[in-house]
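[1] 3D, please:
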Amino acid sequence: MTKNKWGLEMMPATICAIDASTTSMAFALFGTKNNKLGEGLGTVGKINFEGSTNYEKVMDAAKKTKAFFEYYGGFEAIIIEHTVYMNSPKVAADLALVQGAILGSAGLTGTKIIQTVAPITWQIFLGNGKFTKDEAFVVRSQNPGKSESWYKSHIREIRKQKTIRFVNMQYDKTITDNDIADACGIGHWALSNWGKSTGLDK
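    You can find the predicted model right below:
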């Protein structure tokens, strides 16, 4: 892959955008010539990992994602949501293991370029950042007497639906799975920000 005059990697022809969890990998394949989701590739989807322990799921993830990458002949480039610590150090550690399995499988099938983006970075780019105090107040006033966990879950669901609506309108899709929509959102960010490997950016 060549460099532009600023030293950044030039946009690859295709990008595989990934939203991984401890139980699945959602993906969206982008052709970048016309900024189209699925251009020349035609698919979004989700691979579920099986196992009674996280280590079994990690091994299943490696096996299934390697088969996925091989099916498409490998990808020139991958953009994946960076692992960040949220509420549980165990979940963060387990997710890091799964992502390692996925990216290791990608490397075995020819992927050379991997970039990351922090969740809040691509969410803000879609106009779907964290709720302000005023927005959170509206939710509370419309749903009085609920628990703190209920409010957090409700706001999280509102934001998930907002991402789904954005992706479906932007790319004329009918996606209903929020993980797949997140993968699309990650890819959408990459189309305008390739070369910015953000990792833990603010």
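
[2] show me what secondary structure element comes after the helix ranked longest in the chain.
    As assigned by DSSP state H, the longest helix anywhere in the chain is helix 148-171. Once the chain leaves helix 148-171, the next helix or strand it forms, by DSSP states H and E, is helix 178-193.

[3] follow-up on the earlier one: give the buried residues for the longest helix of the chain.
    For helix 148-171, the neighbour count (16 or more other CB atoms under 10 Å) marks Ile155, Arg159, Lys160, Thr163, Ile164, Phe166, Val167, Tyr171 as buried. (C-beta placed from N, C-alpha, C; glycine too.)

[4] list the contacts of stretch 122-141.
    For stretch 122-141, contacts defined as CB atoms under 8 Å, 6 or more residues apart in numbering pick out 81, 120, 146, 151, 154-155, 158-159, 162-163, 166, 185-186, 188-189, 192-193.

[5] sorry, back to before: packing partners of the longest helix of the chain?
    Under the contact definition 3 or more CB pairs under 8 Å, 6 or more residues apart in numbering; DSSP states H and E, helix 148-171 sits against strand 36-37, helix 133-142, helix 178-193.

[6] so of those, which one's packed in deepest?
    helix 178-193 (a mean of 23; mean count of other CB atoms under 10 Å).

[7] what's that helix in contact with?
    Under the contact criterion CB under 8 Å, 6+ apart, helix 178-193 has outside partners 11, 15, 17-19, 21, 24, 26-28, 30, 32, 35, 37, 44-46, 79-81, 115, 117, 121-123, 125-126, 128, 160-161, 163-164, 166-168, 170-171, 173, 175.

[8] quick one: buried ones out of these?
    If you count burial by 16+ other CB under 10 Å, the buried members of the contacts of helix 178-193 come out as 11, 15, 17-19, 21, 24, 26-28, 30, 32, 37, 44, 79-81, 115, 117, 121-123, 125-126, 128, 160, 163-164, 166-167, 171, 173, 175.

[9] Leu108 is nearest to which of the helices and strands packed on helix 148-171?
    helix 178-193 (21.1 Å; CB to CB).

[10] tilt between the closest one and helix 148-171?
    If you take axes from the mean of the first three to the mean of the last three CA atoms, to 10 degrees, helix 178-193 sits at 60 degrees to helix 148-171.

[11] can I get helix 178-193 as CSV, trimmed to CA atoms?
    C-alpha atoms of helix 178-193 as CSV (Å, rounded to 0.1, in the frame of the first residue of the first chain):
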residue,chain,number,x,y,z
ASN,A,178,-27.4,-3.5,16.2
ASP,A,179,-24.0,-5.2,16.1
ILE,A,180,-24.1,-5.3,12.3
ALA,A,181,-25.2,-1.7,12.3
ASP,A,182,-22.2,-0.9,14.5
ALA,A,183,-19.9,-2.6,12.0
CYS,A,184,-21.4,-0.4,9.3
GLY,A,185,-20.9,2.7,11.4
ILE,A,186,-17.3,1.8,11.9
GLY,A,187,-16.8,1.3,8.2
HIS,A,188,-18.5,4.6,7.5
TRP,A,189,-16.1,6.4,9.8
ALA,A,190,-13.2,4.7,8.0
LEU,A,191,-14.3,5.9,4.6
SER,A,192,-13.6,9.5,5.7
ASN,A,193,-10.8,8.9,8.2
